[in-house]
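**Q** output the structure for:
(one chain, ligands or ions: 2)
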Amino acid sequence: MQKKRGKKMVRIIMNGCNGHMGRVISELVEKDENAEIAAGIDVADMKIYNYPVYTNVFDCDKEADVMIDFSSPKATDNVLKYCVEKKLPLVLCTTGLSEEQLSCVNEAAKETAVLRSANMSLGINTLLKLLQDAAKVLATAGFDMEIVERHHNLKVDAPSGTALALADSLNEAMDNEYHYVYDRSQKREKRDEKEIGISAVRGGTIVGDHEVIFAGPDEVIEFRHTAYSKTVFAKGAVEAAKFLSGKPAGLYNMSHVINK
Ligand SMILES: NC(=O)C1=CN([C@@H]2O[C@H](COP(=O)(O)OP(=O)(O)OC[C@H]3O[C@@H](n4cnc5c(N)ncnc54)[C@H](OP(=O)(O)O)[C@@H]3O)[C@@H](O)[C@H]2O)C=CC1
Ligand SMILES: O=C(O)C1=N[C@H](C(=O)O)C[C@H](O)C1
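**A** Ligands and ions are numbered 1, 2, ... in the order given. Purely as a prediction, here's the structure:
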């Protein structure tokens, strides 16, 4: 299909182009007058779309304005190296990165623009802010904070990157006094008041569901976000790519895109 070209065209390299998110983004960009996929990167060239696919990121010699990455932590080290070498802005959406990889992200952001977000949806990024006000009132009043996340049965990392980001947001509001508990199966003592419990459910085709529970004496408040399709993440990622193209080196997040 020949698409109408807009005035301002953002050229994207899609890392993880054969995956679930890579495909949703390819479909979305196909209809976008102001964006195109210059090349894809994945472990195999499945010839799904009409852009060139490289199985090794370092073989990719296409001119581009930004990379979007939805792949695997196994790809992250090379993705960061490539983007630093090419001074290519990077929208990093892959979750499950190690502590060491997270510090490499910070280092890379000194050389090129990096926007890392575990969740590209408007809803979760709004919730991250709202929760801080709630925590300041409720956790201070002694409410316990718990997070339950639910995802499809193909998800490999647990807890989700979003659950960790939600916990970090709560914790930041409380001067980082809290610690996270992922598994209570070996515990023989009651809950610590400074813990945030994080539980993961995996099943079927659940796109992504996050519940933040504030449980106090005789009352409970719950905040819940449900993604009904992967398009919410794809839209956010393409918007972030357009925002990041041409930006100076630095670490960005979705709040920069939403409040631009
Ligand atoms: N920030 C956000 O809003 C969101 C983040 N995510 C995260 O994005 C990531 C991808 O999700 P999803 O698309 O569902 O996963 P998929 O497994 O469907 O897709 C990942 C793709 O990346 C490929 N891949 C694996 N290793 C490499 C590598 N070294 N280089 C290039 N490509 C590679 C995989 O190939 P193969 O299958 O052969 O291994 C696969 O085609 C996950 O970490 C997920 O948690 C997902 C949704 C939203
Ligand atoms: O793997 C997924 O699918 C998702 N991963 C992200 C996460 O780990 O938080 C975001 C979203 O919930 C979907």
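**Q** can you tell me the SS state at the spatially most central residue of the chain?
**A** Taking C-alpha atoms, centre = their mean, the centroid of the chain lies closest to residue 118, which sits 2.2 Å from it. What DSSP: H, G, I helix; E, B strand; the rest coil gives for residue 118 is coil.
**Q** how many neighbours does residue 127 have?
**A** 21 (other C-beta atoms under 10 Å). For every residue, glycine as well, the C-beta is placed using N, CA and C.
**Q** which residues does the residue nearest to it when sequence neighbours are not counted form a beta bridge with?
**A** Distances taken as C-beta to C-beta, 6 or more residues apart in numbering place residue 225 nearest to residue 127, at 5.6 Å, with adjacent residues excluded. Residues in a beta bridge with residue 225, per DSSP bridges, are residue 210.
**Q** can you pull the domain assignment for this protein?
**A** 10-116+230-258, 122-227 (automatic domain parsing).
**Q** and the last one, average pLDDT?
**A** Mean per-residue pLDDT for domain 122-227: 98.
**Q** go on, the longest one?
**A** Mean per-residue pLDDT for domain 10-116+230-258: 98.
**Q** quick check: residues of this protein near ligand 2?
**A** Within reach of ligand 2 by C-beta under 6 Å from any ligand atom, the chain has these residues: 95, 118-119, 151, 155, 160-162, 208.
**Q** give me that answer again for 5 Å
**A** 95, 118-119, 155, 160-162, 208 (C-beta under 5 Å from any ligand atom).
**Q** redo those as a markdown table? Include secondary structure.
**A** Listed next are the residues of the chain next to ligand 2 as a markdown table, based on three-state DSSP:
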| residue | secondary structure |
| --- | --- |
| 95 | coil |
| 118 | coil |
| 119 | coil |
| 155 | coil |
| 160 | coil |
| 161 | helix |
| 162 | helix |
| 208 | strand |
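**Q** can you redo the residues you listed as TSV with distance to residue 54?
**A** Converted to TSV, the residues of the chain next to ligand 2 look like this (distance: C-beta to C-beta, whole Å):
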residue	distance to residue 54
95	23
118	26
119	27
155	26
160	29
161	26
162	29
208	29
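**Q** using CSV, list the CA coordinates for the helix or strand where residue 85 lies.
**A** If you go by DSSP states H and E, residue 85 is part of helix 73-86. This file holds the C-alpha atoms of helix 73-86, laid out as CSV (Å, rounded to 0.1, in the frame of the first residue of the first chain):
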residue,chain,number,x,y,z
PRO,A,73,16.8,-7.8,27.7
LYS,A,74,19.1,-10.1,25.7
ALA,A,75,19.1,-7.4,23.0
THR,A,76,19.6,-4.4,25.3
ASP,A,77,23.4,-4.2,25.6
ASN,A,78,23.8,-4.1,21.8
VAL,A,79,20.9,-1.8,21.3
LEU,A,80,22.5,0.7,23.7
LYS,A,81,25.9,0.3,22.1
TYR,A,82,24.5,0.8,18.6
CYS,A,83,22.4,3.9,19.6
VAL,A,84,25.4,5.5,21.4
GLU,A,85,27.7,4.8,18.4
LYS,A,86,25.2,6.3,15.9
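**Q** centre of the chain to that helix, how far?
**A** 16 Å (C-alpha atoms, centre = their mean, to the nearest Å).
**Q** for that helix, packing partners?
**A** Other elements packing on helix 73-86 under the criterion 3 or more C-beta pairs under 8 Å, 6 or more residues apart in numbering; DSSP states H and E are strand 66-69, strand 90-92, helix 99-108.
**Q** when you check ligand 1, which of the residues of the chain next to ligand 2 turn up near it?
**A** When those are checked against ligand 1 using C-beta under 5 Å from any ligand atom, the ones in range are 95, 119.
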